[in-house]
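K.L.:
coordinates for the following, if possible.
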Amino acid sequence: MPQEYILTEQRDRVGIITFDKPDRLNVFSDAMFGEVREAIEAFNADPGVGVAVLTGSGRAFCAGADIKGWDSEIEARERGEQRRHEVPEENWVHFIQRSKPVICAINGLSIGVGLTMTLPCDVRIASDQARLSMRFVRVGVLPELASTRLLGHIVGITHA
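P.N.:
Below you'll find the predicted structure:
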């Protein structure tokens, strides 16, 4: 299936997934989520791949959820349109836990889900240009993916 939101490549035993909507700061949508899961599943099935790397193109890793796209997704569902990617029953945390190692190479902005999606991954590496933020409360949204628990587990409760 052609990919609209990500690029994939393999270098030696490393599978690389690049969020590729730099004009929108790689905002995260259900469609992007589906493409990322499919790419990781393909890398999981490939014995020539030992690790997957997630990164972003342009000046952002991922600037959070595609809030502007929520209205169009809701309207499409109300019209009965089929989603290109169904949201799987298995959550992201369990999916990552059963996958080959996943490394997040955080370059630039990593906001909201752009940060929380990295927390269950095996390794997180942030560049000097990385800017991390959990802005959920500022926009009236609850944090997802057990992010408050995972962040405290990773950096310690006093630093979270």
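K.L.:
neighbours of residue 36, just the number please.
P.N.:
Neighbour count of residue 36, defined by other CB atoms under 10 Å: 23. Where C-beta positions appear, they are placed from N, C-alpha and C, glycine not excepted.
K.L.:
same deal with the one 4 residues further on?
P.N.:
When neighbours are defined as other CB under 10 Å, residue 40 has 21 of them.
K.L.:
same question for residue 38.
P.N.:
Per other CB under 10 Å, the neighbour tally for residue 38 reads 16.
K.L.:
also the one 3 residues further on?
P.N.:
When neighbours are counted by other CB under 10 Å, residue 41 registers 12.
K.L.:
quick check: which element contains it?
P.N.:
helix 30-45 (DSSP states H and E).
K.L.:
so residue 36 is in contact with residue 56, correct?
P.N.:
No. When contacts are counted by CB atoms under 8 Å, residue 36 is not listed as touching residue 56 (11.5 Å).
K.L.:
and the helix holding residue 41, what other elements does it pack with?
P.N.:
Packing contacts for helix 30-45, counted by 3 or more CB pairs under 8 Å, 6 or more residues apart in numbering; DSSP states H and E, involve strand 6-11, strand 14-19, strand 51-56.
K.L.:
pull out the buried residues from that helix.
P.N.:
Residues 30-40, 43-44 are the ones in helix 30-45 that count as buried (16 or more other CB atoms under 10 Å).
K.L.:
find residues that contact each of residue 36 and residue 56.
P.N.:
Counting by CB atoms under 8 Å, 6 or more residues apart in numbering, the residues touching both residue 36 and residue 56 are residue 19.
K.L.:
in the chain, which residue is most central in space?
P.N.:
The residue lying closest to the centre of the chain (CA atoms, centre = their mean) is residue 117, at 4.9 Å.
K.L.:
wait, it touches residue 19, no?
P.N.:
No. Assessed by CB under 8 Å, residue 117 is found out of contact with residue 19, at 10.2 Å.
K.L.:
who touches both of those two?
P.N.:
Joint contacts of residue 117 and residue 19 (CB under 8 Å, 6+ apart) are 28, 54, 62.
K.L.:
so what sits opposite the first one in the bridge?
P.N.:
Per DSSP bridges, the residues bridged to residue 28 are residue 65.
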